[in-house]
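Colleague: Coordinates only, no sequence provided:
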Ligand SMILES: Nc1ncnc2c1ncn2[C@@H]1O[C@H](COP(=O)(O)OP(=O)(O)OP(=O)(O)O)[C@@H](O)[C@H]1O
């Protein structure tokens, strides 16, 4: 069925839209035939060396397939849930045999990393011996200075800190992963894990995979050819890691592969005759919403098929192996953060509250059933609060998770934002293994969040002699972190709210609206600021799809105050292509991967630049081109639209389309938009545009307030006229039936207009 044709509801076909008008199979842009998962591949001419294409990589046949036809890939197929019992895709014996691969020298690494816009920086780390000496010599002097000048104390220590950090901020050039085949040959991952990765059908690693996997799997091998790495103390113990990479760039498998590999390796080291039934909780992945957590579990299970590694979603009734300690950490909790202080709207917008309510209900069941057997878990995936509830324990006792070696924060910036900070820090503190590593992932990372991570990691590394010192390494993919370079952006001004709804309808019926922006083809996501607005928009749009095309079932709404089961059903229907227009709040803005989504509509402007990046990033996944993000703004948004306009301008620049007539954001607009004060930005992030909060202009309708008032007056006038008629009739009856006609004119009907 031609979706576009049906949606156009019989309007004459625009000859410009030939393929669809002709009734041909629609080529849905985001499901296009040539997904290039790599976003950047610049020619690098510096230092006169050209990138060599290695023989070994060609042998794997992976690079050669990069440009192959993948039109057979069905992006609308529902995501297959991974089941534990599924047979291994490739038995160990049939897995590719290991081959030795020559490592690139440092200059080759540098060239290749630069060409893919990968930048590794050491943010902090243990000092070299000579540095420690130097610092000790300086210390007494700086102490005196501190006592002397109380006022300048903070400024001085900040300067010192900055100096120290800068000293350590050096770049490194680890081996890039040029093909997935290298995981087995060079980085020694298990044959089964390698087979599971290959079964996913990925052909080339994305940039974040290219950069991170060698370093996270085998840091010693990844840095073997790097002369500068000899000067990085502690690198042999691995690294705490921060990765900032574009939306849809495959971060999920990038953190899951090392987590699964870590479990398998330790098993192999500890018990030679591996007992597959013994499970020790080794890694925790924290994600902000239930939808994202379930998706990660599903991805993890696909990678873990046949390895014996159990990837489990945290539930309220799950009992984990934990160590109980007396006395709470209340004081520290309070000191750490202001969890929840930002108010319910912010929690809703990030999916905090709704999930947690459901989880709390489940938790109720747990407490009655204390004797449940321990869950068999190697890798736990959780939202913050449900795990924290488990850890909180009763009567002052607090549970710790000493076996956890790796804490992974997906969407780390939001997990360390005040909304979730207290909960996330609580989980981090419960991971008491001296060598626990922290890996943070996101498409956006504000500098204050990065500083917070560094501060806590540094504090932690000073804890005691048991912990092995290691550096903190940051990887940034791309020129700037706040961009979505591979999609088309549109910023559309409508003077009023009703105008916005009309414009959205035109996008739904693109044939009739040649100049209302790019045609949007279903499926697409529509984001609103609040739950009431999402519901109201759903009410407005649900009858827009004709019955013969599926009618109201094609439009759905999903938000955090819905029951968990309803949310899951809608997710499944959207993934299966049954729902074409999904109206939602920021609960689906982060992490959720719908491969076939062609467009994103910001019906309400996102409340921050990061918010825009994540929403827009729901389309154009894995480098697919053709995705469109349309953002509407009205008068009310003008004070806040600059951050979104900036992201669009940067995205176009990264894509090499900056400036010119075609740019979605012209320079004059950037210049004209007012700058937002810091305090207003903060308020906007927390509360959104004030007038759209419930009680303000939460209602969504095509009618202007003037029209609505006129309609209301008309109804009242008709009522009044009828009443008068009745009265006169009664009076006439009393006075002999005179005067019935007089006064029955339209005067009454229009009389209410001036009130
Ligand atoms: N090497 C690859 N080649 C092609 N597709 C890939 C590759 N790696 C991952 N993918 C696919 O890319 C899509 C996006 O991946 P993923 O959800 O991990 O992105 P992400 O970086 O976490 O995005 P976000 O920042 O939005 O959370 C998924 O459908 C995944 O299966």
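Modeller: Received it, and whenever you're ready, just let me know what you need. Because the structure is a prediction, the values reported are computed rather than measured. Numbers count the residues shown, from 1 in each chain.
Colleague: At the contact with the ligand, which residues of this protein appear?
Modeller: Taking CB under 6 Å from any ligand atom as the measure of proximity, the chain contacts the ligand at 37, 202, 205-206, 209, 247-253, 443, 591, 593, 595, 617, 621-622. C-beta: built from backbone N, CA, C; applies to glycine.
Colleague: What about residue 410? Give its phi and psi, please.
Modeller: Dihedral pair for residue 410: phi -90, psi 140, per degrees, to the nearest 10.
Colleague: Which single residue of the stretch 301-450 of the chain ends up nearest the ligand?
Modeller: Nearest residue of the stretch 301-450 of the chain to the ligand, counting by CB to the nearest ligand atom: residue 443, 4.2 Å away.
Colleague: Counting neighbours, what do you get for that residue?
Modeller: Residue 443: 27 surrounding residues under other CB atoms under 10 Å.
Colleague: so which strand or helix has the closest residue to it other than its chain neighbours?
Modeller: Closest residue to residue 443 apart from its sequence neighbours, by CB to CB, 6 or more residues apart in numbering: residue 247 at 4.5 Å. Assignment of secondary structure by DSSP states H and E places residue 247 within no helix or strand.
Colleague: so what's residue 171 bridging to?
Modeller: On the basis of DSSP bridges, residue 171 is bridged to residue 121.
Colleague: Now do it against residue 499, distance only.
Modeller: 50 Å (CB to CB, to the nearest Å).
Colleague: Between these two, point out the one with more neighbours.
Modeller: Neighbours were tallied for residue 171 and for residue 499 using other CB under 10 Å; the higher tally belongs to residue 499 (16 against 11).
Colleague: what about that one, which SS state?
Modeller: Under DSSP: H, G, I helix; E, B strand; the rest coil, residue 499 falls in the helix class.
Colleague: Check the residue of the stretch 601-750 of the chain found nearest the ligand and give its pLDDT.
Modeller: Nearest to the ligand in the stretch 601-750 of the chain, going by CB to the nearest ligand atom, is residue 622, at a distance of 3.4 Å. Residue 622 carries a pLDDT value of 85.
Colleague: so it makes contact with residue 595?
Modeller: Yes - using CB atoms under 8 Å, residue 622 is in contact with residue 595, at 7.2 Å.
Colleague: distance of residue 376 from residue 193?
Modeller: From residue 376 to residue 193 the distance is 19 Å (CB to CB).
Colleague: Which residue of the two possesses the greater neighbour count?
Modeller: Neighbours per residue (other CB under 10 Å) separate residue 376 from residue 193, with residue 193 holding more: 23 against 13.
Colleague: hang on, isn't that one packed against residue 259?
Modeller: No - using CB under 8 Å, residue 193 makes no contact with residue 259, being 10.7 Å away.
Colleague: Show me the contact partners of the helix or strand hosting residue 414.
Modeller: Following DSSP H and E, one finds residue 414 within helix 412-415. Helix 412-415 has contacts (CB atoms under 8 Å, 6 or more residues apart in numbering) with 242, 286-288, 350, 384, 409, 420-421, 424, 440-442, 444-446, 449, 453, 590, 610.
Colleague: Which helix or strand lies directly C-terminal to it?
Modeller: Downstream of helix 412-415 (by DSSP H and E), the next one is helix 421-430.
Colleague: same for that following helix, what does it pack against?
Modeller: Here helix 421-430 touches strand 283-286, helix 330-336, helix 384-392, strand 398-400, strand 406-410, going by 3 or more CB pairs under 8 Å, 6 or more residues apart in numbering; DSSP states H and E.
Colleague: Listing partners with orientation, what would you give for the first one?
Modeller: In the sheet containing strand 283-286, its partner strands are strand 379-382 (parallel), strand 406-410 (parallel), by DSSP bridges.
Colleague: re earlier: thought the residue of the stretch 301-450 of the chain closest to the ligand was touching residue 612?
Modeller: No - the pair residue 443 / residue 612 is not scored as a contact, 10.8 Å apart, by CB under 8 Å.
Colleague: mind checking pLDDT for residue 554?
Modeller: On the pLDDT scale, residue 554 gets 92.
Colleague: burial measure for it, as a count.
Modeller: The burial count for residue 554: 24, using other CB under 10 Å.
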